[in-house]
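Engineer: Sequence first, predicted coordinates after that:
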Amino acid sequence: MLIYKYGKIMHVNTNYLILDHNGEGELIYVPNIERFKKDEVRKIFISHIQNEYNNTTYGFDNFKELVIFEDLISLQGIGPKIAISILNEGWEKIIAMVANEDKEALQEINYVSGKIANNIIFNFKDKYAKFLEKLEGFETYKMKKVTNNFVTQFEDTMKMLGFKNPQIQYALDKMEINENIEKCVEDAIKLISQNQNEIRI
């Protein structure tokens with residue numbers, strides 16, 4: 001199985017590049033095209049898909065990104081187009097979303113439905129959690145997960161008190177939520193009451 005090709009990038013377009021490999025030019029579709037520069041000589045990890053619907057080469061900056069692409073297209077309902085759209089968010093960000101079971105964030109990505117998000121999380125949350133443990137800055141990801149939990153508690157408390165989503169979002173945009181949920185709620189109520197004219201309900 002061919003894992004990567006080494007060559008010179010001859011052309012860069014909006015979502016693909018042309019790689020000169022041993023005197024032959026190959027068109028390769030890649031996520032985050034801005035990482036690849038014309039005239040750059042480099043290694044590109046590849047996945048070639050050939051079937052009755054597709055005969056296309058996809059390229060990646062590193063091996064982990066290739067693995068995640070292969071993981072995604074192994075799931076029902078996810079083809080290369082959706083997988084590339086997901087990876088356009090950044091592979092580190094994607095594994096953090098999946099490991100942290102952040103379904104809402106996944107659904108904000110083009111072509112990702114609730115069903116697809118659930119499927120990705122169900123199949124790969126444990127695997128990607130192990131990926132995260134090996135990454136530099138893992139503590140940042142753990143802290144983000146803790147912060148998300150505080151935000152969820154804050155949102156639930158505000159809803160129980162009768163506040164509407166636009167009011168809650170306004171407070172979230174203006175405040176930093178921490179473990180002192182009671183104090184955060186008090187501050188949010190003051191903020192909302194003082195700025196009612198800015199909030200559309």
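Structural biologist: Looks like it came in fine.

Engineer: and Thr14, what does it touch?
Structural biologist: Residues in contact with Thr14 (CB atoms under 8 Å, 6 or more residues apart in numbering) are Ile33. (C-beta placed from N, C-alpha, C; glycine too.)

Engineer: Would you verify that it is located in a helix?
Structural biologist: No: using DSSP: H, G, I helix; E, B strand; the rest coil, the secondary structure at Thr14 is coil, not a helix.

Engineer: Tell me the backbone dihedrals of it, please.
Structural biologist: phi -70, psi -30 (degrees, to the nearest 10).

Engineer: Report the rounded mean pLDDT for stretch 12-22.
Structural biologist: The average of the pLDDT scores along stretch 12-22 is 95.

Engineer: now do stretch 57-74
Structural biologist: Taken as a whole, stretch 57-74 has a mean pLDDT of 96.

Engineer: what sits up against it?
Structural biologist: For stretch 57-74, with CB under 8 Å, 6+ apart as the criterion, the contacting residues are 3, 17, 19, 26-32, 35-36, 44-49, 78-80, 82-84, 86-87, 91, 94-95, 120, 123-124, 127, 131.

Engineer: same check, this time on stretch 121-138
Structural biologist: Applying CB under 8 Å, 6+ apart, the contact partners of stretch 121-138 are 64, 71, 75, 92, 94-96, 98-99, 101, 103, 106, 141.

Engineer: try 6 Å
Structural biologist: Asp71, Ile95, Val98, Ala99, Glu101, Tyr141 (CB atoms under 6 Å, 6 or more residues apart in numbering).

Engineer: Domains of this structure: list them as residue ranges, please.
Structural biologist: Under the assignment the TED database, the domains of the chain span 4-60, 63-136, 150-199.

Engineer: buried residues in stretch 56-68?
Structural biologist: Thr56, Thr57, Tyr58, Gly59, Phe60, Asp61, Lys64, Glu65, Leu66, Val67, Ile68 (16 or more other CB atoms under 10 Å).
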